[in-house]
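Asker: mind folding the following:
(2 chains)
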There are 2 protein chains.
Amino acid sequence: MDLTARVNGSRFWGTVERSAEIGATSDGGLDRQTLTPADKQMRDLFVGWCADAGLEISTDPLGSIFARRAGRDNNLPPVVMGSHLDSQENGGRYDGILGVLAALEVIRTLNDIGHITRRPLEIVNWTNEEGCRFSPPMLASGCFADAYSIDWVYQRQDQAGTTFKQALDALDIAGTAPLGRKFDCYFELHIEQGSRLDDTGVKVGVVTHGYHSNRVVVQFFGEAGHTGTAPMGTRRSAMVAAAHLAVKLDQIGLRFSDTGGMATAGQILALPNRAGVITPWSQVVCDVRHDDMGTEQEMLRELEQAIEEAAALGRCQFKIVDNWKWGGELFDGGLVDLIKTSCEKLDFPYLTLPSLAAHDAYFVASTCPAAMIFTPCRAGVTHNPNEFTTCEDSLPGVNVLLHSAVRRADR
Amino acid sequence: MDLTARVNGSRFWGTVERSAEIGATSDGGLDRQTLTPADKQMRDLFVGWCADAGLEISTDPLGSIFARRAGRDNNLPPVVMGSHLDSQENGGRYDGILGVLAALEVIRTLNDIGHITRRPLEIVNWTNEEGCRFSPPMLASGCFADAYSIDWVYQRQDQAGTTFKQALDALDIAGTAPLGRKFDCYFELHIEQGSRLDDTGVKVGVVTHGYHSNRVVVQFFGEAGHTGTAPMGTRRSAMVAAAHLAVKLDQIGLRFSDTGGMATAGQILALPNRAGVITPWSQVVCDVRHDDMGTEQEMLRELEQAIEEAAALGRCQFKIVDNWKWGGELFDGGLVDLIKTSCEKLDFPYLTLPSLAAHDAYFVASTCPAAMIFTPCRAGVTHNPNEFTTCEDSLPGVNVLLHSAVRRADR
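Answerer: Below is the predicted model of the structure:
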């Protein structure tokens, strides 16, 4: 393909702006949690666009959507591009969405210029990347990569007690596309969700690897009582234990912040969580991340000690009920070099950097060569209605995706 | 009335056991939150019992139920006995309930012996004493005592966004009994919710006053972000602020525990409270209590400082959105003496003690002479499905109520 080929910026941005209307919140953000009616509306819109582009649609048993453009040799595994169209409860307009719509724009551009690649191309929209409705995140790509079983995913419940399977069936979107089938490779374009690109003015990030990321879910078991009558010395409060753990997590993060470590209590659940009642049960989701595996392990040892101390301070029993790990996977060296080469040939400066957030590409990387392209977002603000980027800032990354994917697919 | 008169213990306990079936939870407790179908079922049962006892029923605009037994001089204000039939979300079978059903048993006993008092007698069941569904607690007695306006109470919302008025209308139980009308006096029998009676084996507590109790509702305002990408030093986390405040509250309580002080974060709300998101908004309900007003003020000054420190540690703004006070009111000396005299005449040992928990009697005490009778509960366990007492332990208090109310009503 001619090196001067470029995607159509205004058409691309039109899809991004249309997407921003579906599940829009009054503060400019998105609430388009997975397997909700808003998610379905966006899926239908996306599938319509794909059909108009001549693509063949299929869905897998978890509702992930694949849109295929035939190549010259359709016995070869496809080159796949994508990300996710779901959002956080009060998330931004670009997280994940940009990667799916960039892939669509790549296909539309190839249609415009009449370029048929050797290998087939596919776009993917992974179900439930965010994990805010069904925990953990990246359920569908995790299942695709055989990290989770279908039955286990189907039984995951949201806070209202609805299972993943019930939510999927309510939208009637489960299909039969086989899980774990062979991809030639996988490209995921995504906003950086950090500020290195925005700080330096560079428009393209070539992602080399992911932060070591952990999500440890701890439950504390105390005893209910009356906040006005139970003497302090007799109390067993799961709220006190949870609060101590949240404070200690923040302190662990601060101690390791010089080298980019992070630790967060993102979620605290308490029952009954009523003003007059000493809390008998609580749950804290502990999020611990570091770029270096040795330091990550050190942070996890501190977390372990913090959990024990917090339980003792609340005079509670505790139980670790889940312990998820992501990241650390190195993206494929050949694919990373291919993206760098595209940047150089297109004369786009780039930064090489790790991914701090987890992405579907982490799981897919265990099944085929995978790599990611980052585009800027203002001040790194994300998972926030103020998440912001522009068409101008995004286009270099989309064009790098176009040239990288086509070079790989024509190989 | 003859000093040998006694209530019918097995009939009384039969009503307590019947009540324990309505809203029963699998762990032996009750979930009979105010203005729910279970509350309505209990109200209907209670009203039926009152009608069978020949009482005249009315309800006020907040749904509080009054059941009146005519006296010999019905121009005199009534002697009122009662408490509440609602429970915490996972509460016990006796808290409040015992006081309403004891009053019913007093009336039934008077019917048995054919004693008509000079003044009319009334039983009251106050709506929403617990405050677990609609905050703050004691909404209806507070409104009766003109501490809250009807409109303000009607607009209180539960966590699902349902207003008090909507919940009331759904059950169709609002009436026109005038708020703030004159009572001759008010007696409230209640389980102690502390362990002094259980520890000493004394069966009757004569309550002299209430603990100074405060409920301060604080909101923290931070900024949403991604738990995996926002550097620790840039975060403004309302979860971190809330956790620090909960820890500091517990520490304040522990510092003042030698003199019986208590401090609790009973409830922490966070939005969106999702694992991958730095929390932009949280709310903590701070509960601070002490028997001595000077020490209470000292604790409140420490709370004020704790709120500021917690906000600074989370780099959040904060706002105190509610600040309720109860207790400290002295119950009526004449009425307290009357209860003591009844104990002495009936030859029941008693303790004089303060109330640590807040009760409807606190508000009613601002409108007429009021006093409380405590009965034992095992180990002081309350607001807990394991709340426990027996008919045998309760009957001395119920008989003291009988003789005190009749002596006052015959005055």
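Asker: what's next to stretch A:160-174, contact-wise?
Answerer: Residues from elsewhere that reach stretch A:160-174 (CB atoms under 8 Å, 6 or more residues apart in numbering or on different chains): A:34-37, A:39-40, A:43, A:59-63, A:127-128, A:133-134, A:139, A:153-158. Glycine gets a C-beta too; all of them are placed from N, C-alpha and C.
Asker: so what's A:Gly225 closest to, chain neighbours aside?
Answerer: A:Ile278 (3.9 Å; CB to CB, 6 or more residues apart in numbering or on different chains).
Asker: that neighbour: what's it in contact with?
Answerer: Listed by CB under 8 Å, 6+ apart, the contact partners of A:Ile278 are A:222-227, A:230, A:235-237, A:239, B:264, B:266, B:383.
Asker: now with 7 Å?
Answerer: Residues counted as contacts of A:Ile278 (CB atoms under 7 Å, 6 or more residues apart in numbering or on different chains) are A:Ala224, A:Gly225, A:Thr227, A:Ala230, A:Arg235, A:Ser237, B:Thr264.
Asker: so the last one sits in a strand?
Answerer: Read that as B:Thr264. Yes. Using DSSP: H, G, I helix; E, B strand; the rest coil, the assignment for B:Thr264 is a strand.
Asker: which residues touch it?
Answerer: A:Thr227, A:Ile278, B:Leu249, B:Gly253, B:Asp287.
Asker: take those and lay them out in TSV including pLDDT, distance to B:Gly397 and secondary structure.
Answerer: Output for the contacts of B:Thr264, formatted as TSV (pLDDT from 0 to 100; distance: CB to CB, whole Å; DSSP: H, G, I helix; E, B strand; the rest coil):
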residue	pLDDT	distance to B:Gly397	secondary structure
A:Thr227	94	24	coil
A:Ile278	96	25	strand
B:Leu249	98	33	helix
B:Gly253	98	30	helix
B:Asp287	97	27	strand
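Asker: can I get those residues in CSV including distance to B:Gly96?
Answerer: Formatted as CSV, the contacts of B:Thr264 follow (distance: CB to CB, whole Å):
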residue, distance to B:Gly96
A:Thr227, 16
A:Ile278, 18
B:Leu249, 26
B:Gly253, 25
B:Asp287, 18
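Asker: quick check: phi and psi at the residue lying closest to A:Glu308 once chain neighbours are set aside.
Answerer: Spatial nearest neighbour of A:Glu308, excluding adjacent residues (CB to CB, 6+ apart): A:Phe318 at 7.7 Å. Dihedral pair for A:Phe318: phi -140, psi 160, per degrees, to the nearest 10.
Asker: distance of A:Phe318 from B:Asn386?
Answerer: 21 Å (CB to CB, to the nearest Å).
Asker: check A:Val284 too.
Answerer: Taking CB to CB as the measure, A:Val284 falls 25 Å from B:Asn386.
Asker: what's around A:Ala241, how many residues?
Answerer: A:Ala241 has 31 neighbours, counted by other CB atoms under 10 Å in any protein chain shown.
Asker: ugh, wrong one, I meant A:Glu296
Answerer: Neighbours of A:Glu296 (other CB under 10 Å): 22.
Asker: that one belongs to a helix?
Answerer: Yes. Using three-state DSSP, the assignment for A:Glu296 is a helix.
Asker: pull up the gap between it and A:Gly260, please.
Answerer: 11 Å.
Asker: A:Val204: what's it in contact with?
Answerer: Contacts of A:Val204 were listed using CB under 7 Å, 6+ apart, and they are A:Cys343, A:Phe348, A:Tyr350, A:Ile373, A:Pro396, A:Gly397, A:Val400.
Asker: what's the spacing between the closest residue to the first one other than its chain neighbours and chain B?
Answerer: Think A:Cys343. Excluding its sequence neighbours, the residue lying closest to A:Cys343 (CB to CB, 6+ apart) is A:Tyr350, at 4.3 Å. According to CB to the nearest CB, to the nearest Å, A:Tyr350 stands 19 Å off from chain B.
Asker: what residues go with each domain of chain A?
Answerer: A:9-211+A:328-409, A:213-326 (automatic domain parsing).
Asker: please name whichever of those domains is nearest to B:Thr109.
Answerer: The closest of the domains of chain A to B:Thr109 is domain A:213-326. By CB to CB, the value is 29.9 Å.
Asker: follow-up on the earlier one: what's the burial count for the residue nearest to A:Glu308?
Answerer: A:Phe318: 21 neighbours (other CB under 10 Å).
Asker: A:Asn8 now?
Answerer: Counted with other CB under 10 Å, A:Asn8 comes out at 14.
Asker: residues in contact with it?
Answerer: A:Glu105, A:Arg108, A:Thr109.
Asker: and it, how far from chain B?
Answerer: Relative to chain B, A:Asn8 is positioned 30 Å away (CB to the nearest CB).
Asker: how close does that residue get to A:Tyr94?
Answerer: Distance, A:Asn8 to A:Tyr94, using CB to CB: 18 Å.
Asker: over to A:Gln193?
Answerer: 9 Å.
Asker: and for A:Gly253?
Answerer: Distance from A:Gly253 to A:Tyr94, by CB to CB: 26 Å.
Asker: who has more neighbours, A:Val284 and B:Asn386?
Answerer: A count of neighbours by other CB under 10 Å puts A:Val284 above the other of A:Val284 and B:Asn386, at 29 against 15.
Asker: including distance to B:Ala310, could the contacts of A:Ile278 go into JSON lines?
Answerer: Conversion of these to JSON lines gives the following (distance: CB to CB, whole Å):
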{"residue": "A:Ala224", "distance to B:Ala310": "25"}
{"residue": "A:Gly225", "distance to B:Ala310": "24"}
{"residue": "A:Thr227", "distance to B:Ala310": "19"}
{"residue": "A:Ala230", "distance to B:Ala310": "23"}
{"residue": "A:Arg235", "distance to B:Ala310": "20"}
{"residue": "A:Ser237", "distance to B:Ala310": "17"}
{"residue": "B:Thr264", "distance to B:Ala310": "15"}
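Asker: what is the nearest of those to A:Gly82?
Answerer: For these, the closest approach to A:Gly82 (CB to CB) belongs to A:Ser237, at 45.7 Å.
Asker: which residues are in contact with the closest one?
Answerer: For A:Ser237, the contacting residues are A:Gly222, A:Ile278, A:Thr279, A:Gly314, by CB under 7 Å, 6+ apart.
Asker: which of those sit farthest apart?
Answerer: A:Ile278 and A:Gly314 (10.0 Å).
Asker: can you list the buried residues in the helix or strand A:Asp199 falls within?
Answerer: A:Asp199 belongs to helix A:196-200 when elements are defined using DSSP states H and E. By 16 or more other CB atoms under 10 Å in any protein chain shown, the buried positions in helix A:196-200 come out as A:Arg196, A:Leu197, A:Asp198.
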